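Novice: Okay, here's the prediction I keep looking at, along with the sequence it came from:
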Amino acid sequence: MENPDYSQMLYRILPFLAALLVYWYAPAAAAQNASQSPVVVELFTSKNCPSCPAAERYMSELLQQNKNLIALSCHVTYWNRPGRSDPLSTPACTRRQQKYVAALGNNGKIYTPQMVVNGRDEFVGSYRDKARKALSRASPVALIPISKQDDKTLMAQLPQMPPSTYTLVTFGYKNNMINSVTYAPPTESWNGGAKMKGITMPHDNDVDGLVILVQSAKTGAILGAGKIKL
């Protein structure tokens, strides 16, 4: 027969043990999530821009120094000339930079090399002091885990976010020194509800990795990001 005193003692102590486990585990879990949360840096550049190599070298250094950095190099088209076309340039990168100009002000000025941190801060990409300051005050964004389902499909685990209108941006990149964007399917709208999102691989699979970004549809601020190497 069960000892009633023992049962009552166990009943009383269980909540305490549960609270103690939460006390021990929660800070560790939070620290682990914080250590994995990324910061997103985008560099708008062109092979025809004489000022861009210095910014690209700095971008490469940042990638080597920070494991949680998601860095993308977006080659714009407006530097292209007959016989001098940047093979990595895409209209999607030019449109993306134009949206940042509209969202961040900058007196309507579009230029290269331009760095944008978390969709919030912009500055000349070769200005290291400005980059360090922007990175030091940048808050890590929500981590979006991405897994490979099969040879044609990836799955991104979108977290629950405050109800709003968000833009989902997907980029495929080549794994050179600055992760150049080579694949940019159309953006999608999302309301912030947690879900698994399927991502179709490009037909030629000519990418070394894929990035997904969650941005505020109103401000362009990046609020979530994930990356997977293929």
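Specialist: Yep, that arrived. Numbers count the residues shown, from 1 in each chain.
Novice: Specify the next element, helix or strand, located C-terminal of the helix-or-strand element of the chain with minimal mean pLDDT.
Specialist: Using mean pLDDT, DSSP states H and E, the weakest-scoring helix or strand in the chain turns out to be helix 4-36, at a mean of 42. Later in the chain than helix 4-36, the nearest helix or strand by DSSP states H and E is strand 39-45.
Novice: So which residues make contact with that following strand?
Specialist: 52, 55-56, 59, 62, 66, 68-76, 93, 96-97, 112-119, 125, 135, 138, 140-141, 178, 213, 222, 225 (C-beta atoms under 8 Å, 6 or more residues apart in numbering). Bear in mind the C-beta positions are built from the backbone N, C-alpha and C, glycine included.
Novice: Equivalent analysis for stretch 171-182, please.
Specialist: By C-beta under 8 Å, 6+ apart, stretch 171-182 touches 43, 45, 56, 59-60, 63, 71-75, 88, 90, 92-93, 183-184, 202, 206-213, 229.
Novice: Repeat that for stretch 186-194.
Specialist: 158-170, 214, 217.
Novice: which of those residues count as buried?
Specialist: For the contacts of stretch 186-194, a burial check counting by 16 or more other C-beta atoms under 10 Å picks out 158, 161, 166-170, 214.
Novice: can you give me how far the host helix or strand of E122 is from the chain middle?
Specialist: Using DSSP H and E, E122 falls within strand 121-124. From the chain centre to the centre of strand 121-124 is a distance of 17 Å (C-alpha atoms, centre = their mean, to the nearest Å).
Novice: same deal with stretch 209-217?
Specialist: 6 Å.
Novice: for that stretch, which positions count as buried?
Specialist: Neighbour counts over stretch 209-217 (16+ other C-beta under 10 Å) mark 209-216 as buried.
Novice: Reformat these as a markdown table; add secondary structure, distance to A194 and pLDDT.
Specialist: Formatted as a markdown table, the buried residues of stretch 209-217 follow (DSSP: H, G, I helix; E, B strand; the rest coil; distance: C-beta to C-beta, whole Å; pLDDT from 0 to 100):
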| residue | secondary structure | distance to A194 | pLDDT |
| --- | --- | --- | --- |
| G209 | strand | 24 | 92 |
| L210 | strand | 20 | 94 |
| V211 | strand | 20 | 96 |
| I212 | strand | 15 | 97 |
| L213 | strand | 17 | 98 |
| V214 | strand | 12 | 98 |
| Q215 | strand | 17 | 97 |
| S216 | strand | 18 | 96 |
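Novice: could you dump these to JSON lines with distance to K174?
Specialist: Formatted as JSON lines, these follow (distance: C-beta to C-beta, whole Å):
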{"residue": "G209", "distance to K174": "8"}
{"residue": "L210", "distance to K174": "11"}
{"residue": "V211", "distance to K174": "12"}
{"residue": "I212", "distance to K174": "17"}
{"residue": "L213", "distance to K174": "18"}
{"residue": "V214", "distance to K174": "23"}
{"residue": "Q215", "distance to K174": "23"}
{"residue": "S216", "distance to K174": "28"}
